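Asks: Mind folding the following:
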Amino acid sequence: MTTDSEVDIKEAFQRAQKGHNNKAKLVASLNSRYNKLEDKTLFHEEFVHYLKYAMIVYKREPTVENIIEFVARFATSFLSPPKTEEEEQQQEEEEEEDEEDDHPFLSFIFNFLLESHKASSHAVRFRVCQLINKLLGSMAENAQIDDDLFDRIHQAMLVRVTDKFPNVRIQAALAMTRLQQPKDSDCPTINAYMLILENDTNAEVRRAVLSCIAMSPRTLPKVLKRTRDIKENVRKLAYQVLADKVHIKALTIAQRVTLVQQGLRDTSETVREMVSSRLLPAWLLRVEGNVIGLLHKLDVENCADTALETLKAIFKGTLTEELQQNRAQLDNRKLIPVDSLSCENALYWRALCEFLKAQGDDGEEMLEQVLPDAATYADFLYRYLKVVPLLTEEQRADFNQLELVMTKEFISQQLIHLIGCLDTNEEGGRKRVLSVLQEMLALPQTPSSLVSLLTEKLLTLIPDDHRRIQTVAEIISDVREPIMEAIAPMDENMSRRHQVQLAEVKVSIMEAKQTLEDSITAQDFSRAAELKDSITELENRRNQILQEVQESCQPADKEIRTEKNDPETLLRCLTMCAELLKQMGIKTRIGPTISALMSSLVLPSIANAHPAVRNMAVVCLGTCTLHSRELAKAHMVLLLQIAQLDEVKIRISALRAIVDLLLIFGFQLLSETAANLTALNSKSPDRREEDAPAAEEKGDAPEDTAQSILMMLSEFLDSEVSELRTESAEGLAKLMYTGRISSAKMFSRLVLLWYNPVTEDDTRLRHCLGVFFQLYARESRAHQEVLDEAFLPTVRTLMNAPATSPLAEVDVNNVVELLVELTRPSALIKPSTNTEEVCVHDYLAVRICGEMLKDPTAPEVRLYTKTLSNLELSGDGTVKKDLQTLLQQLVQEVKDRISLRGLEKMIGQLADSKEQAELLSPSALQPLDVNTDEAAADDPSKSAKRAKRGTAGQRKVCAARSGRKPSRRAESSEESDGENVPESVPQVRPSRRAKTAALEKTKLDLNTLINQEAN
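Replies: Prediction:
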């Protein structure tokens, strides 16, 4: 190659660094120079020589990125342009063109890159993968490469997707995009992609794979799983990929419902926006914009709430004019004809009306166009509800009939919900709606599934509590004791006498008629006339006897009430009673009417043989006792007995009632029933004294009484029934958060339950406890002290767990990190203003040192040493002195080298911070900006969220790592609670021009290196 050509390549690389240069002209100029050369070897070597300068730079500098882009465009410029349809039809010419596609320069570049992909420098590996990605991406869609080259690229990238540097893995994954073969059931690229989605710890790598993975029945479940990823950016991209690449028909109904449900309820606003603005419009486009058709793709009967959320999200992004056009098949009466009613359009009608109602004055005008007046709608609802059939037991066995009735009940529920959107300010319309609701509740053929909803809507139309009680009590009376006409009992002797007389008259009439026929035959007409008169008298006598019999069977002129005690009637009455008690104000006192319902309906139903009746009776009893302290005292023991002895569902209802009573009235409620409770607990099976937590009571109730209640709740935590275990844990969390109890041992039990692999599938329990830990620890310093006391018992339990116990699988390091994060002073919502208060971490450090001194050779000493280094210690001189003394003792006792290094480092940090504190004058101290502190340290709530999503016993509390930073700042004499920090030196803010000049100086320029090498 000549000297001119050397300058040309060098100049091309120098000009390519600048973004404003026209790379197309640069590529064309160098391409023409290359084509003129006969010997291409020197050109190849020199080109690669200058390329290496860019490949050793790992940082994404603009100059380097421009060179990479230039190289990719130049290398692919030798390929033939995209083929036309005529060229593709000519197979012979295609084969000849295939041979021409492998250009020498392109092959040389690929060979060079593939030889370099195993370089020790991560920068070179990164640039190799990036260049291969750019080269393959710059080729035409129908471009072809040699099979051997394909395999070599494939093998190299499969190695690089396992690189330890995330950026290398990202570029390798992107480079394999065009190497996928979705139709191949054993495609190595797709297998690697699926493995990365499942196991790669870096979120950006998972995002890169999501963006390029091909959709197929194999890959779809993996993409769906990423919608539950721990990182919101990954979840957002997963929804975007599903919206752009996956047809709604490719998803099952369960998958569609789960996607919408999780997406619209996601904790991240950006994810919810992605579902609303991309996924749902994409699905609508697939069904030609038909919202009712989209509802057909969802299971609206079983997931009505999800369907409602979906419709509201669609309505928010729809113009008002379009909403007016899609009015759910309304007729001129603004009603859907009964024959046209379906689950989908009834739900759509309800969702549209509720959406417009929520708009206030803006949606009022349109609401009048889609909903009739109250009286018209009440008549429509009455006509529909009256024809809903009530199936017998035999008819319920027929699946078709059962499905039809369930559909009608679902439609009825949506129509009843629409009552809340009606304009009931007009007196006539409101009265008509009230009368319809009362009549439907009193009808025996009204399905039981509608009773609760009908009662709720009835009570919302009656604002006064006393009138509500009176109305519902009258309906319950009509249902349970319907008015029937009284029938007087017949006298058996009189009835028999009438029957004998009637029989004699009938026989006489038959004999007279026979004699009359004989007389007429004998032509004895005078005798015939006498017999005719005799027959007339006998018929009159017969009519008289029949009238007497009819009068004796007529009912008396009075009505009586007959009490019905069948399970269906009792359940209906109890449902109305429970809904009434829920809607009543908590301060409304129990009057005579409610007392009568309690004595005549609720309490007798608790002993009913039917489980559903008993359960509803317990719900009524628990709700009623919330309104009266006296009732609560009287029935607390009964609820405790039910919570231990009945069926699971009924026990859960009783347990909820007990927790609610303790939340409202406290443990003082038990002061008058202590003796009964003691006797009850002595009979309880499997009672273990060691499980009784040390509860601090907030009132005058005896300590053993409170412990007996908590002991029962503690035993439920070990129950094999997951529902009972969850309810008990939730109740204890509520009692601790509201301050009714304060127990370190109970908190330790809840932490162990949360980490226990046995509860891995109990989503509600995990979610409840995960939220509780954060709220409880951040609420007050007193709560953090409870966590401080629970720290060592929790660690001891996990360390001493036998190998057969599920707790043996729990990662103790993760539990320790969580407890340290929760007890950080910076985690408090309202930090303590008392500067003399000793930090909770100071107490914890002393406790840990004491525990280590008990057995310096124990295996957990290394864990405790690591924990000490993560604590936020205050700047209190006395505490530091005590800690230094304890640490010096530990250095003499501990033999483990790793632990010794940690302890010595801790002693040095304490000494350095003490010296710095002496150098700082009091006048140089000022309060720390809270916002700055929050920006510097991670929010500990993230650690619990990450921990919840982890697998059992192996959860990641990522905030623990970032939490070390404030502790290191504390080592330089800053107080852990952020009270005092050295005043920063004021700095002059630079101008925009100065910033631009400084930014230019930081940009990388390869010209210096190139020129230096040339010289």
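
Asks: C-alpha only now, for contacts and for neighbours.
Replies: Fine.

Asks: a strand runs through Ile741, doesn't it?
Replies: No. Looking at Ile741 with DSSP: H, G, I helix; E, B strand; the rest coil, it is coil, so not inside a strand.

Asks: so how many other residues sit close to it?
Replies: Ile741 is flanked by 24 other residues according to other C-alpha atoms under 10 Å.

Asks: quick one: it from Leu710, how far?
Replies: 9 Å (C-alpha to C-alpha, to the nearest Å).

Asks: now do Trp349
Replies: Trp349 is 49 Å from Leu710, by C-alpha to C-alpha.

Asks: for Val260, same thing?
Replies: For Val260 relative to Leu710 (C-alpha to C-alpha), the value is 40 Å.

Asks: for Gln784, same thing?
Replies: 21 Å.

Asks: Between the two, tell me which one has more neighbours.
Replies: More neighbours surround Gln784 than the other of Gln784 and Leu710, with 24 against 21 (other C-alpha under 10 Å).

Asks: wait, what's in contact with that one?
Replies: 777-778, 822-823, 840 (C-alpha atoms under 8 Å, 6 or more residues apart in numbering).

Asks: Looking at those residues, which two lie furthest apart in space?
Replies: Arg778 and Val840 (12.6 Å; C-alpha to C-alpha).

Asks: where along this structure do the strands fall?
Replies: Using DSSP state E, the strands found in the chain span residues 483-485, 559-561, 925-926, 981-982.

Asks: average model confidence for the third one?
Replies: Predicted confidence along strand 925-926 averages 36 (mean pLDDT).

Asks: Also the second one?
Replies: Along strand 559-561, the predicted confidence averages to a pLDDT of 62.

Asks: pLDDT at Ser832, what is it?
Replies: 66.

Asks: quick one: average confidence on stretch 150-166?
Replies: 90.

Asks: Now do it: everything it contacts.
Replies: Contacts of stretch 150-166 (C-alpha under 8 Å, 6+ apart): 114, 117, 122, 129, 168-170, 172-173, 175-176, 179, 189, 192, 202, 204-205.

Asks: In helices, which of these fall?
Replies: 114, 122, 129, 168-170, 172-173, 175, 189, 192, 204-205 (DSSP state H).

Asks: What residues does the closest residue to Asp229 other than its chain neighbours make contact with?
Replies: Spatial nearest neighbour of Asp229, chain neighbours left out: Arg235 (5.7 Å); criterion: C-alpha to C-alpha, 6 or more residues apart in numbering. Listed by C-alpha under 8 Å, 6+ apart, the contact set of Arg235 reads 226-229, 271.

Asks: Return the distance of Pro337 relative to Asn345.
Replies: 11 Å.

Asks: brain fart, Arg614
Replies: Arg614 is 37 Å from Asn345, by C-alpha to C-alpha.

Asks: and if you look at Lys830?
Replies: 50 Å.

Asks: Over to Gly739?
Replies: In terms of C-alpha to C-alpha, Gly739 sits 48 Å off from Asn345.

Asks: More neighbours: those two, which one.
Replies: Asn345 (23 against 16).

Asks: Would you check how far apart that one and Pro217 are?
Replies: 32 Å.

Asks: Likewise for Lys745?
Replies: With C-alpha to C-alpha as the criterion, Lys745 and Pro217 are 50 Å apart.

Asks: Give me the domain ranges for this structure.
Replies: 1-80+103-179, 319-461, 462-484+561-671, 487-554, 731-831, 835-913 (the TED database).

Asks: Could you give the separation of the fourth one from the chain centroid?
Replies: The reference is to domain 487-554. 84 Å (C-alpha atoms, centre = their mean, to the nearest Å).

Asks: Ok, the first one next?
Replies: Using C-alpha atoms, centre = their mean, we find the averaged C-alpha position of domain 1-80+103-179 to lie 47 Å away from the chain's own average C-alpha position.

Asks: Share the number of residues neighbouring Cys176, please.
Replies: No Cys there; residue 176 is Met. 27.

Asks: I should have written Val659 there, sorry.
Replies: Val659, neighbours per other C-alpha under 10 Å, totals 21.

Asks: Nearest spatial neighbour of it, chain-adjacent residues omitted?
Replies: Closest to Val659 by C-alpha to C-alpha, 6+ apart is Gly731, at 5.8 Å.

Asks: The one you found: neighbouring residues, count only.
Replies: 20.
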